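> Sequence and predicted model, in that order:
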Amino acid sequence: ILRAIAGLWNSGEGAIYRPDLSKMLFLPQKPYMILGTLRSQLIYPHDILDVSDIQLNEALAKVNLTDLAEQSGGFDIEKDWEEVLSLGEQQRLAFARVLINQPRYVILDEATSALDLKNEANLYNYLLNTNTTFVSVGHRTSLIKYHRLVLEIKEGQQWKLQEAEDVKE
């Protein structure tokens with residue numbers, strides 16, 4: 001469902017009403033790591049974005065990747081980031097993209113599954129303090145407290161929408 005909302009899947013039947021894709025960012029469980037520089041990783045999906053090194057460092061610090069630029073040789077060194085970074089680091093870098101790009105809407109598909117609960121809390125708390133509307137899919141009950149509504153999809157095309165505060169963890 002989330003991939004269809006994000007415009008990544010176009011097959012199937014029915015209608016989806018969503019904001020313009022240019023206002024959305026999709027964070028999958030396995031983030032897309034483009035070939036290129038650390039700067040290009042952070043400003044993705046844009047090719048050019050007027051962001052200073054200070055702003056990039058601030059975003060990395062917020063996602064607990066404080067020394068990444070320094071350890072990697074700077075923002076303009078090209079690397080195979082999928083090979084350099086662990087899955088947890090890739091997920092945190094993807095969250096830095098949210099902080100830098102400031103999309104109006106974010107879709108998170110198991111986007112913190114490789115993180116410990118402290119890092120997950122840190123990232124969701126930053127997200128809660130932005131003007132970004134977000135939708136998450138996850139299996140961890142720890143995610144419930146960061147949401148207002150919970151949609152539970154059950155077998156046999158059954159579903160249940162409820163207030164997050166009414167969901168038992």
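Noted; the coordinates are in hand.
> part of a strand, is residue 127?
No: per DSSP: H, G, I helix; E, B strand; the rest coil, residue 127 lies outside any strand segment and is helix.
> Measure how buried residue 61 is and give me the count.
Residue 61 has 13 neighbours, counted by other C-beta atoms under 10 Å. Where you see a C-beta, it was placed from the backbone N, CA and C, and this is true even at glycine.
> what's near enough to touch the residue positioned nearest the centre of the chain?
The centroid of the chain falls nearest to residue 27 when counting by C-alpha atoms, centre = their mean (3.7 Å). By C-beta atoms under 8 Å, 6 or more residues apart in numbering, residue 27 lies in contact with 91, 94-95, 97-98, 106-109, 111.
> again with residue 46
By C-beta under 8 Å, 6+ apart, the contact set of residue 46 is residue 101.
> That one and residue 34: what is the separation?
Here the criterion is C-beta to C-beta, to the nearest Å. By it, residue 46 lies 11 Å from residue 34.
> For the closest residue to residue 127 other than its chain neighbours, which three-state class applies?
For residue 127, ignoring the flanking residues on the chain, the nearest one in space by C-beta to C-beta, 6 or more residues apart in numbering is residue 134 at 5.9 Å. Using three-state DSSP, the structure places residue 134 in strand.
> can you pull up the bridge partners for residue 134?
Here residue 134 sits in beta bridges with residue 106, going by DSSP bridges.
> For it, the count of nearby residues, please.
Residue 134, neighbours per other C-beta under 10 Å, totals 19.
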